[in-house]
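**Student:** from the sequence below, what's the structure:
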Amino acid sequence: DLYSKPEEIFQVYDALSKVPNGFFTVAAAFGNVHGVYQPGNVKLEPTILDKAQKYISEKIGAAEGSKPVSFVFHGGSGSDLKDIREAVDYGVVKMNIDT
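**Tutor:** Modelled structure (predicted):
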């Protein structure tokens with residue numbers, strides 16, 4: 001499967017959260033790919049990030065609407081602006097383009 005699952009993202013979050021004073025980002029796979037693509041050639045599913053935030057919030061007992069995970073958006077070139085905005089709404093704090 002090319003898409004990350006909430007359980008997999010939680011495993012990464014859980015492991016990295018144990019680093020004292022650590023700050024980290026998670027590069028979940030939600031249809032993003034490295035390379036430069038024309039608009040429409042990449043099928044993003046930003047809702048994967050939202051589902052992960054909800055799953056992890058529930059697992060750690062965070063308040064509803066929390067965003068415990070900071071995501072990095074690898075392979076953002078050619079992405080639709082709507083998908084980019086949605087990904088940011090779901091916790092993307094860094095986006096790579098033209099890589």
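**Student:** now residue 17: how far from residue 46?
**Tutor:** Using C-beta to C-beta, to the nearest Å, residue 17 is found at 23 Å from residue 46. (Glycine included, C-beta is placed from N, CA and C.)
**Student:** look at these two and report which has more neighbours.
**Tutor:** residue 46 (24 against 14; other C-beta atoms under 10 Å).
**Student:** ok, residues contacting the longest helix along the chain?
**Tutor:** As assigned by DSSP state H, the longest helix anywhere in the chain is helix 47-60. Residues outside helix 47-60 that contact it (C-beta atoms under 8 Å, 6 or more residues apart in numbering) are 3-4, 6-7, 9-10, 13, 28-31, 62-69, 71, 86-87, 89-92.
**Student:** per-residue pLDDT, the residue lying farthest from the centre of the chain?
**Tutor:** Most distant residue from the mean C-alpha position of the chain: residue 20, 22.4 Å away (C-alpha atoms, centre = their mean). Residue 20 carries a pLDDT value of 94.
**Student:** next, give phi and psi for it.
**Tutor:** When read as degrees, to the nearest 10, the backbone of residue 20 gives phi -60, psi 130.
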